[in-house]
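K.L.:
mind folding the following:
(one chain, ligands or ions: 1)
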Amino acid sequence: MEIWHIRGGNRLRGACFVQGSKNASLPIIAASIICPLKSELMNVPQLRDVDAALRILRHLGCLAEQRGGDVYIDSTRLSGSSIPHSLMVEMRSSVIFMGALLARCGEARLSLPGGCQLGKRPIDLHLAALRQMGAEIEEDAGEICCRAEKLRGTEIILPFPSVGATENIMLAACAARGETIIRNAAREPEIGALQDYLRSMGAEVSGAGSGSVSISGIRPNREAAARIIPDRIVASTLACACAAAGGDVELRGVDPGQFSTVLHFLNRAGCDIISGSRSVRVRSSGRLSAVGELSTAPYPGFPTDAQPVLMAALLRAEGRTAITENIFENRYRQVPELRRMGADVTVSGKLAEIWGVDRLHGAPLTATDLRGGAAMVVAGLAAEGETVICDDGHITRGYERLDMRLRALGADIYLEY
Ligand code: UD1
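P.N.:
Next up is the predicted model:
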C-alpha cells in the first residue's frame, strides 16, 4: 500500500522536467521483439508498467534491462510465444504483445489483459483486425490463442480509432505479405512514436497522425533506437496541479502541441499559458472560472486521460462546468472521493456537472485508478488541511516520482510506502 500525504495551500513555483511517455514506451517495448535485433530506448520512465513489460520480454527469452531512463533489449534469443496470466494481468497494454508475437513467431498465447478498471475494455477490434489479416484466433475461458502461418496485408477499416488496436495491427503488419492500410486509425502522438521506432528497425510505415496508416513489412536493420516522447498526460497533470494550487510553473521537455486542448481549457479557466517550442509556462492565481462544456474525444480531441485531473483543477472554479466522457464508461470513479473533500460534482451517465465551491478540505481518500488517483493529488494540493490517499499502486503505475517533482515545486507532499 502506498499512502500519499498532502497538505494543501502551497503555491507551486519553479521548473520541472516532464518524464517520458508510458503509453509510448509500452508498444515500443513490445515492438522490439518483432524481429531479432537489439534496441536502445532513451527517456523511458521508471514505472511498474514498464517493469512489467520488461519482465514479459525476459519471460520470452529476451535480454531486457533498464538503467535509469535507458532500456536495452536484445530479442535475438526469443524462445517463447506464450505469456502467463500472472504477467498479463499487471497491465492492459500487454495485449499489444499479441501483434508482436504473431509477427515474430506466427503464434501467440495469452490471457485477457489487466489494467485500470474503467468499465468494459473489450479487445474485439484487435481480434477482428488480426482475423482479417489471416490469423486464426480461439478464445477459451479468458485465454486467447492466435496462429497465422502467414499474415496477409489488407485494408482494415476500424469502426473506432482505438489506440491499442491501431498499434497491434501495425506490429502484426510488419510481418505480413503485402501492404496493410489502417483506415480510421488512432491519431494519438504515441502512434507517431511507434511509427518512428518501426522505421528505425527498417519497416516501411507511413501516415501516423493522419488517420490512415500504411505498413509494408520489415527489412530488419541490425539495431533500432528511440527516444521516448514526453508524457502529455503527466504534463497535463502538472499543469492542472499548478492551476489548482496557484503559482508559476515551467514544464520543460514537453511538446505543447500534444496537449494543447488541455492548455486551452486551463487558459479559458483563467491561467496564463506561455508556450515555447519545448516548454510551457503555466501561471495561475488559484482562483479559476468554470469552462462551460467540455467533451473527451480521440486525439486531437480532449484526452480522456486528462479528464479527471482537469476536473480536479476546476472543483473551486466559479460557475458550472459540464464534462461529457465519451471514451470510457466508468471514468468518474474519483467523484465520490472528491465529494468527501467538499466538491460539488454530480454524475449522470456520461455527464459530470461541477459547481465550483469556495473551499475544499482535506480528507482520507482511496485511489480508484491511475488518473483518478492523480486527480485526488491535484485536489489535495488545492484543499485546506491534510489529504491522505491510500493507493494500491495505481498512481505510481503512470507517474515517476510525482511526490518528488511536486515537492521540488513547493508542494507539501510525501509518499509513504
Ligand atoms: C489507450 C491508452 C489509455 C487511453 C486510451 C484512450 C495506452 C497504454 N493506454 O488505451 O491510457 O485512455 O488509449 O485514449 O496507450 N474499444 C473497444 N474494442 C476494442 C478496443 C477498444 O470497444 O477492441 C473501446 C474501449 O473499450 C474504449 C475505447 O474503445 O471505450 C478506447 O479504447 P482504446 O483507444 O483502444 O484505448 P487503449 O488502447 O486501451
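K.L.:
so which bits of this protein are right by the ligand?
P.N.:
23, 26, 92-93, 120-126, 160, 162-165, 190, 304-305, 327-328 (CB under 6 Å from any ligand atom). Just so you know, the C-beta spots here come from the backbone N, C-alpha and C atoms, and that holds for glycine as well.
K.L.:
now do the SS call for the residue lying farthest from the centre of the chain.
P.N.:
Distance from the centre of the chain peaks at E149, with 32.7 Å (CA atoms, centre = their mean). Secondary structure, DSSP: H, G, I helix; E, B strand; the rest coil: E149 is coil.
K.L.:
mark which of the residues of the chain next to the ligand are buried, thanks.
P.N.:
Neighbour counting with 16 or more other CB atoms under 10 Å marks 23, 26, 92-93, 121, 123, 125-126, 162-165, 190, 304-305, 327-328 as buried within the residues of the chain next to the ligand.
K.L.:
not counting its neighbours along the chain, what's nearest I144?
P.N.:
Computed as CB to CB, 6 or more residues apart in numbering, the closest residue to I144 that is not its neighbour in sequence is L110, at 5.7 Å.
K.L.:
helix or strand: which one has that neighbour?
P.N.:
For L110, the host element (DSSP states H and E) is strand 107-111.
K.L.:
which element follows that strand toward the C-terminus?
P.N.:
helix 124-132.
K.L.:
what's the first helix or strand after that following helix?
P.N.:
strand 136-140.
K.L.:
export that following strand as CSV, just CAs?
P.N.:
The C-alpha trace of strand 136-140 is given here as CSV (Å, rounded to 0.1, in the frame of the first residue of the first chain):
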residue,chain,number,x,y,z
GLU,A,136,-6.9,-17.9,-36.5
ILE,A,137,-8.0,-17.0,-33.0
GLU,A,138,-9.5,-19.2,-30.4
GLU,A,139,-10.8,-17.8,-27.1
ASP,A,140,-11.4,-20.0,-24.2
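K.L.:
residues making contact with the strand holding L110?
P.N.:
Applying CB atoms under 8 Å, 6 or more residues apart in numbering, the external contacts of strand 107-111 come out as 81-85, 88-89, 94-95, 97-98, 101-102, 142-148.
K.L.:
among those, which ones are buried?
P.N.:
Using 16+ other CB under 10 Å as the burial test, the contacts of strand 107-111 include 81-83, 88, 94-95, 97-98, 101-102, 144, 146-148 as buried.
K.L.:
show me those residues that map onto helices.
P.N.:
Judged by DSSP state H, the buried ones among the contacts of strand 107-111 include M88, F97, M98, L101, L102 as members of helices.
K.L.:
domain ranges for the chain?
P.N.:
Residue ranges for the domains of the chain, per automatic domain parsing: 2-19+230-416, 22-227.
K.L.:
check what pLDDT T368 gets.
P.N.:
You'll see T368 listed with a pLDDT of 89.
K.L.:
36 is where my numbering starts, stick with that
P.N.:
That works, and once the first residue is 36, the last one we named lands at T403.
K.L.:
over to it: give its phi and psi.
P.N.:
With angles defined as degrees, to the nearest 10, T403 sits at phi -100, psi -30.
K.L.:
skipping adjacent residues, who's closest to it in space?
P.N.:
R368 is the one closest to T403 (CB to CB, 6+ apart), at 3.9 Å.
K.L.:
name the SS class of the one you found, please.
P.N.:
Using three-state DSSP, the structure places R368 in coil.
K.L.:
same question, G44
P.N.:
Per three-state DSSP, G44 ends up coil.
K.L.:
pretty sure Q81 sits against E435.
P.N.:
Yes - at 5.5 Å, Q81 counts as touching E435 under the criterion of CB atoms under 8 Å.
K.L.:
so the residue of the stretch 186-335 of the chain found nearest the ligand is in which element?
P.N.:
Residue nearest to the ligand within the stretch 186-335 of the chain: G199 (2.9 Å; CB to the nearest ligand atom). Counting by DSSP H and E, the element that carries G199 is helix 198-208.
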